[in-house]
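S.K.: test case, fold it:
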Amino acid sequence: MKSIFTILLAVVLFACNGQDNVLAPQDFKTKLEKTPNAVLLDVRTAGEFAEGYVNGARNLDWNSKFKTEVVKYNRDMPYFVYCLAGGRSHSAVEFMKSQGFTQVYEMQGGMMKWTGAGLPLSGAADAPVDKISMEEYQKMGGSADRVLIDFYAPWCGPCRKLEPILSDLGKDGKVKVIRINIDENKQLAHALKFEEIPVLQFYSKGKLLKNHFGFLPKEDILKVWEK
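M.R.: Next comes the predicted model:
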């Protein structure tokens with residue numbers, strides 16, 4: 001009986017510790033500043049990193065060299081990890097834990113929530129001009145009776161899962177689907193206060209019905225216009 005209790009207690013403590021390691025941007029910043037010998041890892045691409053990063057960060061791209069390089073690091077040091085929206089950093093943190101890293105903290109929501117909270121960036125080059133202006137975007141919702149605007153990124157798992165669904169919707173002609181890559185339109189996404197992706201915007205005759213954050217099955221997408 002005692003052994004069962006011990007196992008259950010260990011499971012609960014493990015779950016709690018995992019949650020404690022996922023920090024909102026301000027908490028992430030505070031914890032980082034108070035932790036001696038902390039190593040800050042930015043797991044975005046070099047191009048994203050060049051547009052601005054959290055002060056003191058090392059760039060270690062999750063999609064290229066991360067797995068081969070991070071295993072060379074001291075596993076007993078404290079690590080703080082972030083990306084743009086949280087997907088890549090979560091994968092990076094899980095990989096590090098599987099490799100025996102003992103102190104790894106993850107920024108919840110990544111740089112989208114960091115900048116949304118008004119926290120500072122270092123090394124920011126001149127921001128590239130968005131491919132879609134705010135004026136162009138504002139006309140999109142009224143460009144057909146039913147319009148679905150999808151804010152996505154090529155590296156986003158739920159976005160990739162949505163892609164064939166949205167392609168089918170666009171082909172049947174009942175819904176006009178417009179996809180906006182946030183990597184190419186960061187200022188627009190920031191102006192709209194989008195702090196996570198994907199974002200699905202539903203319009204009916206120019207009127208915004210709702211914003212949906214995250215994946216949505218095809219049948220649930222179609223139901224929005226039926227209400």
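
S.K.: I'd guessed residue 57 sits against residue 43; true?
M.R.: No: between residue 57 and residue 43 there is no contact under CB atoms under 8 Å: 9.6 Å. Every C-beta, even on glycine, is put in place using the N, C-alpha and C of the backbone.

S.K.: shared neighbours, these two?
M.R.: residue 82 (CB atoms under 8 Å, 6 or more residues apart in numbering).

S.K.: in stretch 54-69, what's buried?
M.R.: 54, 57, 60, 61, 62, 66 (16 or more other CB atoms under 10 Å).

S.K.: farthest pair within those residues?
M.R.: Spatial extent of these (CB to CB) is set by the pair 54 and 66 at 17.0 Å.

S.K.: per-residue pLDDT, the residue nearest in space to the middle of the chain?
M.R.: For the chain, residue 85 is the residue whose C-alpha lies nearest the centre (CA atoms, centre = their mean; 1.6 Å). pLDDT, the model's per-residue confidence, is 90 for residue 85.

S.K.: if I look at it, how far off is residue 136?
M.R.: Remark: distance between residue 85 and residue 136 (CB to CB, to the nearest Å) = 23 Å.

S.K.: repeat that for residue 200.
M.R.: Distance, residue 200 to residue 136, by CB to CB: 19 Å.

S.K.: next one: residue 42
M.R.: For residue 42, the distance to residue 136 equals 31 Å [CB to CB].

S.K.: which of the two has more neighbours?
M.R.: Ranked by neighbour count (other CB atoms under 10 Å), residue 42 and residue 136 place residue 42 first, with 28 against 11.

S.K.: residues touching that one, list them.
M.R.: Residue 42 sits next to 49, 53, 54, 57, 58, 59, 60, 82, 83 when contact means CB under 8 Å, 6+ apart.

S.K.: tell me the secondary structure at the first one.
M.R.: Secondary structure state of residue 49, per DSSP: H, G, I helix; E, B strand; the rest coil, is helix.

S.K.: which residues touch the nearest residue to it once chain neighbours are set aside?
M.R.: Leaving aside its sequence neighbours, residue 49 sits nearest to residue 59 (CB to CB, 6 or more residues apart in numbering; 4.3 Å). Taking CB under 8 Å, 6+ apart, we find residue 59 in contact with 42, 44, 46, 49, 53.

S.K.: residue 59 bridge partners, please.
M.R.: Here residue 59 shows beta-bridge partners residue 42, assigned using DSSP bridges.

S.K.: what mean pLDDT does stretch 47-61 get?
M.R.: Mean pLDDT, computed over stretch 47-61, is 93.
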